[in-house]
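**Q** What would the 3D arrangement of this be:
(one chain, ligands or ions: 1)
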Amino acid sequence: MIIVFKDKEHFKKEYINALDKNFRTTVENATTAQLYASLAMLLNKNLDEDYNNTNLLIKEKGLKKAIYFSMEFLMGRLITNNLQNSGNYQIVKEAFKDFNIDINKIEDVEEDTGLGNGGLGRLAACFLDSAASLGLPLYGNSIRYTKGFFIQEFVNNQQIEKPDPWLDKGFYWEEKIEDEAIDIPFFGYVEDTVLKEPIWIKAVPYDVKIVGNENNVVTTLRLWSTEASELQEFKDEKYYQMVNKISDSLYPDDSTYEGKKIRLQQQYLLSASGIQAAIKEHLSLGRDIRELHKYYAFQINDTHPTLIIPELMRGLMDVFKLGYDEAWEITKNACSFTNHTIMQEALEKWDIKLFRELLPRIYEIIKEMDRRFVLELEKLNVHETDIYNMKLIGTNSLRMANICIYGTHSTNGVAALHTEILKNTTFNNFYKIYPERFNNKTNGITHRRWMMHINTELVAILDKWIGKDWRYDLSKIEELLKFKEDKKLKKEIIDMKMAKKIQLAKRIKELEGIELDPNSIFDIQVKRLHEYKRQLLNIMHIIYLYLRLKKDQEFRANFHPQSFIFGAKAAPSYHMAKSIIELINTVSKVINSDFEVNDLIKVVFVENYNVTYAEYIMTAADLSEQISTASKEASGTGNMKFMLNGALTIGTLDGANVEIAELAGSENEFIFGMTAKEVLDMYEKNNYKPREIYDNDQRLIDIFEFIQTLNKNPHHFDNIKHSLLNSDYFFVLKDFDAYVKAQEIANNNYKDKDNWFEKVIVNIAKAGFFTSDRTIEQYNNDIWHLTKIK
Ligand code: 26V
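**A** Predicted coordinates:
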C-alpha cells in the first residue's frame, strides 16, 4: 500500500506547512479553495516518488508500453480517486475531522475534468484506472483543451450552453514538460516526399498522474497543448489565432469549414505528437527503430486518432528510410483499433480537398496505402462493388474506419452484439478478408470509482458477507449469490438503497429545487441525448401514465409512486435532441405542480449532468433505463454502473444489456421491444409504417394531443410528432406498447420488496464481469501483451 503520509499527525504537519508556504495562511483562516489547493498540491507532490520509480522500472526492465490514443478522457474529479487509490483517504479524512472540516466540502471545490462527451471518454478514463491498478504500463494520450465539454443550463426549459474554462480555477494535477515539446507541421506542399514551407505549431505536453490502487504504480495521462513554434518564422495575428484554436475546445463546431479544419488539426496534432514522442523515447533507450512494435502498442480509440497510422508510416519511411513493406509490417503490428458506434453519421469521413491542403504528405501516404490495398483486393478477386466500398479514399472523402481496419492487426467492438454487427453487417466486407483481425472486448467500468468510492454502504455489506477479496478481483462478488434469499442481507441491501436515494434526493432538492420521495421507485435515464437512446420513448410513457393516473381510479390505487430522473446534454446543433429536452422539462413542470398526481409521479431533469453528478445518481436507482433502439447502442456503460449498485434494468436487448440479461437472467430484468435482428431486417425491407401504429393506438393520439397543450403555440413540438409519423427511424412508436407493458410489470413487481431485492442481489452478484479490470486484462492478453509492473 502506498501510504504517502505515515500517519495522521505526519499529514497534519505537512499540510499546515503547505498552507503556510502556498498561501501564508492557517487551517482556521484559509478559504475552502485554499484548503483544497494545498491538499491537491501536497498529494500530487507526494506521488512523485512512485511516479519516478514506475518510470525507472519500466525503462530498466525494458517493458513494453501501450499508448491509448483518445480525443477524450472524461476524468471527472481526481482528488477523491487519488486519495483513495493512494491509500490516504482515511488518514486525511480523520485529520480534517480534527480540524473540524468536512472533507466532502474540500472535495467539492474541485471542478470536473470534463475532457469528453460521454461513454467513449469515460471508458478511456476507466481504462487508465484499471491498467494502473493492475500494474500495466498503459499511457493515455490526448489534448489539453482549454475548455472542456460545455456547461448546460436550462432557460425557459431549453438547453443553453456555457463554456467550461476548467483550467481557470487552477488544475493542480498536471506538470508541464517543456523539453519534450514537439513541432508539428501543417499545410505547405510536397516536393519529392519532402514537406516544404509548412506552418509549424509547437505541441507541449502536460502530464497528469494516474494512481494505481494501493500498488505504488503511477502512470500518466499526457495532454498536449499548443504554443507558437520557434521553427515558425512568419508569425502574424492569424498564426497566433490558429495556435490557440487547436487546443481551445473539445469538438469545436464542425458544421462550418473552419470548424472542420480545426478538428482535423487536433486529430493530427494528437496523433503525430504521441507517435513522435514514443519514437524519441524508444531511440533514447538505445533501441532499433525496427523493433518499435516490440516496445509499443498503439490503441486507436474510435477513428479520431486514425492518423497515427500514416504518421508512423511517414516517420519510418521519410525519416528512418525503411522501405514501404517493412514500415507497413511495423505499423500494422504496433496499431490496433476500437470501434464504438455503427451510427453512420459518426463513421468519420474527411473531405479530400480539406485534408490534402492541411496534411499534404500524409495524404500522399494514404493514397499509396489505398493503391496497394486495391491491388491486394483485386488479387483476391474481391467484387468491384466491395472494392469500391472498402477503398480508403472514396470519391470525395477519406474513410477513417477503413484506414483503421486495413492499417492495424486488431479491430474490436465494445460488446458481444456490437462486434457481431460489425462482423456481419457494418464491416462484413472487411471481415470476409481479415476474419482474424476482428475480436470483441466488452466494455467495463472501474468498480473503484463506480462502487467502492461512491457506495461505502454497499462496500460494508460486501465486506461483511463475503470478505474483502472482491475488491481486488470483482468476479468474487458472485459469492453473494449464496445469500440471495437471506432476509438479513435483503434488509441490509434495502437500507443501502434507501440511504443512497435519500442522499440523491437531498442533492436534487439543493440543486434542482425539486422534492422526491425516497419511497418512490427511482427510475433513471442518464446519458447523452440522442434519438437512438430514446429519451422520447421514456417521456411519452410518462405522459401516458400521467393521463391515465388522472382518470383511472383503479390504476391509481394499484400504482406504486415513481420518480423519473433524466440527465443528458444535447449537441449544440442537434435540434431534435434539444426539442426533446425542452419537451421533458415542460412536461416535468406540468406534472410536478399538479396536485392530483404529484404524490404519485415526479419528473426531474437534472441540470449539467456530469461525472460528479453521476457519482450520486448511479447508486440511487431502482430502475436503470437502457431503452435504445436495438443494434444502435454499441455497449453502454451506465447500464453496468447501475447494475453494480443494485438497480434492475428496464431495457432492450442492445449493446451490453444483452450480456447483463444473460448473466443475471432475463427474469431478473425487464426486457422488452424489438431485437437487433428485427430492427436491421426492418431497415432492409423498408416497410415500416409508423402512421398506422399511431392511428390505431388511442394512447399515442392522446399523448400528442396533450403535447399540443404544453405551449401557447400548439405546433411548438410538431417537429417531434412529424418525425415520428413520417419516419420514426428509431422505432419509438413500434416499441411503445412493449415498453408500457414492461413498465407496468416493473411497477407491480416493486410492491413485492422481497422478490425485487432478491433480483437486486442477483444483479450485484453477477456484475463482476463488468469491471474494466477484466476488460483491460483481455485487451492485454489478446492485443497488447504487456508485462505487469511488479
Ligand atoms: C463521434 C463524433 C463525430 C463528429 C463530432 C462529434 C463526435 C463525437 C463523438 C463521436 C464518437 C461517438 C462514439 C461513442 O461515443 N460511442 C459510445 O462508446 C461507448 C464506449 O464504448 C459505448 O458504451 C456507447 O454505447 C457508444 O455509443
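
**Q** contacts and neighbour counts: CA atoms only from here.
**A** Will do.

**Q** Buried ones in stretch 729-740, by neighbour count?
**A** Y729, F730, F731, V732, L733, K734, D735, F736, D737, Y739, V740 (16 or more other CA atoms under 10 Å).

**Q** from those residues, which two are the most distant?
**A** Y729 and V740 (19.6 Å; CA to CA).

**Q** ok, V611 - contacts?
**A** L74, M75, G76, R77, D112 (CA atoms under 8 Å, 6 or more residues apart in numbering).

**Q** pLDDT score assigned to the fourth one?
**A** What that stands for is R77. pLDDT, R77: 97.

**Q** Could I get the phi/psi values of it?
**A** Backbone dihedrals for R77, given as degrees, to the nearest 10, come out at phi -80, psi 150.

**Q** Go ahead and confirm it touches D112.
**A** Yes. Using CA atoms under 8 Å, R77 is in contact with D112, at 4.8 Å.

**Q** Overlap of the contact sets of these two?
**A** V611, T612.

**Q** centre of the chain versus the one helix or strand Y239 maps to, how much separation?
**A** For Y239, the element it lies in under DSSP states H and E is helix 237-246. When C-alpha coordinates are averaged (CA atoms, centre = their mean, to the nearest Å), helix 237-246 and its chain have centres 29 Å apart.

**Q** how about the very next helix or strand once past that helix, does it reach the ligand?
**A** Counting by DSSP H and E, the element after helix 237-246 in chain order, helix or strand, is helix 257-284. No. If you take CA under 6 Å from any ligand atom as the test, helix 257-284 misses the ligand, and the best it gets is 8.5 Å.

**Q** now helix 257-284, how far from the centre of its chain.
**A** For helix 257-284, the distance to the chain centre is 22 Å (CA atoms, centre = their mean).

**Q** That helix to helix 237-246, inter-axis angle?
**A** If you take axes from the mean of the first three to the mean of the last three CA atoms, to 10 degrees, helix 257-284 sits at 70 degrees to helix 237-246.

**Q** What residues of helix 257-284 count as buried?
**A** Buried residues in helix 257-284, counted by 16+ other CA under 10 Å: 260-276, 278-279, 282.

**Q** What score does the closest residue in space to E512 that isn't next to it in sequence have for pLDDT?
**A** Using CA to CA, 6 or more residues apart in numbering and skipping residues adjacent in sequence, the residue nearest E512 is V606, 6.6 Å away. For V606, the model assigns a pLDDT of 98.

**Q** where exactly do the strands run in the stretch 51-200 of the chain?
**A** 65-69, 73-76, 113-115, 138-143, 148-155, 158-164, 174-176, 182-186, 189-191, 194-196, 199-211 (DSSP state E, counting those that start in this stretch).

**Q** Provide a list of residues in contact with the closest residue to the ligand within the chain.
**A** Among all residues of the chain, G636 sits closest to the ligand, at 3.3 Å; criterion: CA to the nearest ligand atom. Residues near G636 by CA under 8 Å, 6+ apart: G119, N443, G655, A656, N657.

**Q** Tell me, how many residues neighbour K6?
**A** Applying other CA atoms under 10 Å, we find 11 residues neighbouring K6.

**Q** So it lies in a helix, does it not?
**A** No. Under DSSP: H, G, I helix; E, B strand; the rest coil, K6 falls outside any helix and is assigned coil.

**Q** how about the strands of the stretch 351-500 of the chain, start to end?
**A** Counting by DSSP E, counting those that start in this stretch, the strands of the stretch 351-500 of the chain are 397-399, 411-413, 438-440.

**Q** helices or strands next to the second one in the packing?
**A** Spelled out, it's strand 411-413. Helices and strands touching strand 411-413, as assessed by 3 or more CA pairs under 8 Å, 6 or more residues apart in numbering; DSSP states H and E, comprise strand 335-338, strand 438-440.

**Q** out of these, deepest packed?
**A** strand 335-338 (a mean of 26; mean count of other CA atoms under 10 Å).

**Q** helices and strands around it, which ones?
**A** Against strand 335-338 (3+ CA pairs under 8 Å, 6+ apart) you get strand 296-301, helix 400-406, strand 411-413.

**Q** at 6 Å what do you get?
**A** Contacts defined by 3 or more CA pairs under 6 Å, 6 or more residues apart in numbering; DSSP states H and E place strand 335-338 against strand 296-301, strand 411-413.

**Q** pLDDT of the shortest one, averaged?
**A** In other words, strand 411-413. pLDDT averaged over strand 411-413 gives 98.

**Q** Please tell me how far M682 sits from M674.
**A** Counting by CA to CA, to the nearest Å, the gap from M682 to M674 is 10 Å.

**Q** about what we covered before: any chance of a markdown table for the strands of the stretch 351-500 of the chain, columns distance to the ligand?
**A** Shown next, in a markdown table, are the strands of the stretch 351-500 of the chain (distance: least, CA to the nearest ligand atom, whole Å):
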| stretch | distance to the ligand |
| --- | --- |
| strand 397-399 | 13 |
| strand 411-413 | 8 |
| strand 438-440 | 11 |
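
**Q** Looking at the ones you listed, which is nearest to K321?
**A** strand 397-399 (26.0 Å).

**Q** Could you tell me which of the contacts of G636 count as buried?
**A** Here, 16+ other CA under 10 Å leaves G119, N443, G655, A656, N657 buried among the contacts of G636.

**Q** which non-adjacent residue is nearest the third one?
**A** So that's G655. G655 sits nearest to S635 (CA to CA, 6+ apart), 3.9 Å away.

**Q** Shouldn't that neighbour be within a strand?
**A** No. With three-state DSSP as the criterion, S635 is assigned coil and is not in a strand.

**Q** wouldn't it be in contact with A415 here?
**A** Yes. Counting by CA atoms under 6 Å, S635 touches A415, with 5.2 Å between them.

**Q** List, one by one, the residues from this structure near the ligand.
**A** So far as CA under 6 Å from any ligand atom goes, the chain lies against the ligand at G119, L120, L123, H340, T341, A346, V414, E633, A634, S635, G636, T637.
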